[in-house]
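[1] Below are the sequence and a predicted model for it; my questions follow.
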Amino acid sequence: MKKTLLAVALAAALTGTPLMADGSLEERVQRLEQLLGGLQDRVDEQDRIIGQQDQTIQRQGKTIERQSDVIDGQQKQLATGTPSAAAGWFQGVEMGGVVEVEANHTDPYTGRSSNDLVLATVELAISSQVNDWVRADIVLLHEEDATDLEVDVGTITIAPPDGGGWFLTTGQFYLPFGAFESNMISDPLTLEIGETRESAFQAGFENGPFSGSAYAFNGTNKRKWGNQDRIDNWGANLAVTHEAGGVNLSAGAGYINDIGDSDALQDKIEENLTTNDVRDHVSGWTVNAMAEAGSFVFIGEYLAATDDFESNEVAFDGGGAEPKAWNAEVGYSFDLMGKSSTAAIGYQGTREALDLELPKRRWIAGFSIDILENTALSFEWAHDKDYSSSDGGTGENANTVTTQLAVEFP
């Protein structure tokens with residue numbers, strides 16, 4: 001009670017309120033206690049508000065710090081062309097793709113004509129510059145009646161941030177054996193023989209107008225009397241570019257120690273043999289050139305095996321085949337009703353490629369127009385001449401007309 005009276009006296013002194021105000025002393029004590037309780041509640045509330053404000057200030061400080069890191073990363077990306085970890089891994093990811101729908105009508109060498117509408121190509125490419133030195137690339141591919149959805153390409157590439165003039169690539173990719181340039185819808189006959197996809201290791205360089213690489217892989221075809229499972233396949237390529245008088249020139253050459261590991265020849269060997277044990281590897285070589293002069297582009301390519309396959313591997317005219325192919329093409333670009341357009345004609349051929357179901361000669365013409373942004377409508381006519389009956393063919397002609405609607409993104 002004494003402590004209570006002392007508190008009351010002190011409160012009265014501080015507030016200037018006389019102790020002998022209206023009401024009994026007990027009532028005055030009760031009112032003062034209520035007043036003190038109210039003051040304590042307000043102090044507690046103010047402490048709670050101040051605590052919340054401190055937390056908000058801390059969160060805002062962390063947010064500002066993160067934003068500063070992102071800005072620093074973005075500035076670094078702008079300065080170096082490569083993303084940093086602070087900018088987020090997604091900053092270095094690029095995506096693109098193509099969808100191609102084709103309608104065709106074919107009059108074959110023999111038999112009735114046919115026509116079809118197919119989803120010819122669905123391709124999705126994802127590329128990520130994961131750090132200054134390393135890039136990863138993935139390509140998913142689907143081709144109706146030909147390729148189920150699969151990982152077509154998956155690679156890791158290491159190269160200096162400043163270019164540096166060299167690179168290392170490993171994974172599954174199309175080996176740099178052949179250029180296969182074309183303005184047509186269909187693939188050139190050189191690609192039909194030489195395109196090679198393998199899991200490989202590649203070391204390359206770029207120095208001014210020159211570039212090239214060497215690669216090694218464990219091919220599917222194995223020598224009957226050799227080690228059956230080792231990396232014994234290799235190849236190399238060299239290319240050069242030059243500009244003179246408004247004409248852009250490029251040329252290249254390539255060599256592979258077993259052209260039998262190309263996609264088409266590998267399938268044929270696998271079909272003809274119970275295993276892929278070949279008598280020996282058959283090497284191949286290729287040369288290509290392209291010239292761009294104003295609105296014209298000229299393309300030339302030749303690809304060949306250097307020796308015969310065994311007759312039970314790839315056959316021709318009662319013996320082993322030594323397949324070859326070439327492509328010569330000219331294209332012209334122009335505006336049609338304000339739309340970018342290209343017209344092209346070409347002459348292609350093969351030798352000793354009957355077992356691969358390829359024509360001996362092909363005359364081809366094509367036209368393409370960009371009807372909308374990233375959307376092209378293309379037409380193609382191909383006239384094929386089969387191998388003669390003495391070679392095992394029909395000697396007849398075939399014609400194919402193809403229309404394609406293609407969309408690329410982004």
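    Sure, I can see it.

[2] show me where pLDDT drops low in the protein?
    1-23, 29, 37-39, 43, 45, 47, 51-90, 225-228 (pLDDT under 70).

[3] Just give me the residue closest to the centre of it.
    In the chain, the C-alpha nearest the mean C-alpha coordinate belongs to residue 125, at 3.5 Å (Cα atoms, centre = their mean).

[4] Give the pairing partners of the helix or strand harbouring it; include direction for each.
    Following DSSP states H and E, one finds residue 125 within strand 114-129. The sheet places strand 114-129 alongside strand 93-107 (antiparallel), strand 134-143 (antiparallel), with pairing taken from DSSP bridges.

[5] Identify each buried residue in it, please.
    Judged by neighbour count (16 or more other Cβ atoms under 10 Å), strand 114-129 contains these buried residues: 120-125, 127-129. (C-beta placed from N, C-alpha, C; glycine too.)

[6] Just the CA atoms from it would do, formatted as CSV, please.
    The C-alpha coordinates for strand 114-129 follow below in CSV (Å, rounded to 0.1, in the frame of the first residue of the first chain):
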residue,chain,number,x,y,z
SER,A,114,1.0,-40.8,-104.7
ASN,A,115,0.6,-37.7,-102.5
ASP,A,116,0.8,-36.9,-98.9
LEU,A,117,0.7,-34.2,-96.2
VAL,A,118,3.3,-34.6,-93.4
LEU,A,119,4.7,-32.8,-90.4
ALA,A,120,8.2,-32.8,-92.0
THR,A,121,10.2,-31.2,-89.2
VAL,A,122,9.8,-30.1,-85.7
GLU,A,123,13.0,-28.8,-84.2
LEU,A,124,13.7,-27.1,-80.9
ALA,A,125,17.1,-25.7,-80.1
ILE,A,126,18.2,-24.6,-76.6
SER,A,127,21.6,-22.9,-76.0
SER,A,128,22.9,-21.7,-72.7
GLN,A,129,26.1,-19.7,-72.1
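
[7] gap between it and the chain center?
    12 Å (Cα atoms, centre = their mean, to the nearest Å).

[8] Identify the residues contacting that strand?
    82-83, 89, 92-106, 108, 135-145, 149, 152, 404 (Cβ atoms under 8 Å, 6 or more residues apart in numbering).

[9] give me that answer again for 7 Å
    With Cβ atoms under 7 Å, 6 or more residues apart in numbering as the test, strand 114-129 has contacts from 82-83, 92-106, 135-145.

[10] all helices of the stretch 201-350 of the chain, in order?
    263-272 (DSSP state H, counting those that start in this stretch).

[11] what ranges do the strands span in it?
    In the stretch 201-350 of the chain, the strands defined using DSSP state E, counting those that start in this stretch lie at 210-217, 222-223, 233-244, 247-256, 277-278, 284-293, 296-305, 315-316, 319-320, 324-336, 339-351.

[12] Residue 357: which of the ones you listed is closest?
    Checking the strands of the stretch 201-350 of the chain against residue 357 by Cβ to Cβ gives strand 339-351 as the closest, at 10.5 Å.

[13] Just list what the closest one packs against, helices and strands only.
    Helices and strands touching strand 339-351, by 3 or more Cβ pairs under 7 Å, 6 or more residues apart in numbering; DSSP states H and E, are helix 189-194, strand 324-336, strand 361-372.

[14] how many neighbours does residue 384 have?
    Residues near residue 384, counting by other Cβ atoms under 10 Å, number 21.

[15] Equivalent analysis for residue 197, please.
    Quick note: residue 197 (other Cβ under 10 Å) scores 15 neighbours.

[16] Report the beta-bridge partners for it.
    residue 174.

[17] didn't it look like it was pressed against residue 171?
    No: counting by Cβ atoms under 7 Å, residue 197 does not reach residue 171; the two are 10.9 Å apart.

[18] circling back to that earlier point, for my notes, please list the buried residues of strand 114-129 in CSV and give distance to residue 183 for each entry.
    As requested, the buried residues of strand 114-129 are exported to CSV (distance: Cβ to Cβ, whole Å):
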residue, distance to residue 183
120, 17
121, 17
122, 22
123, 19
124, 24
125, 21
127, 25
128, 31
129, 31
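
[19] From these, pick the one nearest residue 189.
    residue 120 (18.1 Å).

[20] beta partners for residue 95?
    For residue 95, the beta-bridge partners are residue 126 (DSSP bridges).

[21] Could you measure from it over to residue 202?
    Applying Cβ to Cβ, to the nearest Å, the value for residue 95 to residue 202 is 24 Å.

[22] Which one of the two is surrounded by more residues?
    Between residue 95 and residue 202, residue 202 has the larger neighbour count (other Cβ under 10 Å), namely 22 against 12.

[23] Report the spatially closest residue to the more buried one, excluding sequence-adjacent ones.
    Spatially, and ignoring its direct neighbours in sequence, residue 202 is nearest to residue 215 (4.1 Å; Cβ to Cβ, 6 or more residues apart in numbering).

[24] One more: residue 359?
    residue 384 (3.7 Å).

[25] any idea how far residue 246 is from that neighbour?
    36 Å.

[26] same question, residue 329
    Taken as Cβ to Cβ, the span from residue 329 to residue 246 is 21 Å.

[27] Let me see the backbone angles for the closest residue to residue 391 other than its chain neighbours.
    Using Cβ to Cβ, 6+ apart and skipping the chain neighbours, the partner closest in space to residue 391 is residue 317 (5.5 Å). Main-chain torsions, residue 317, degrees, to the nearest 10: phi 50, psi 50.
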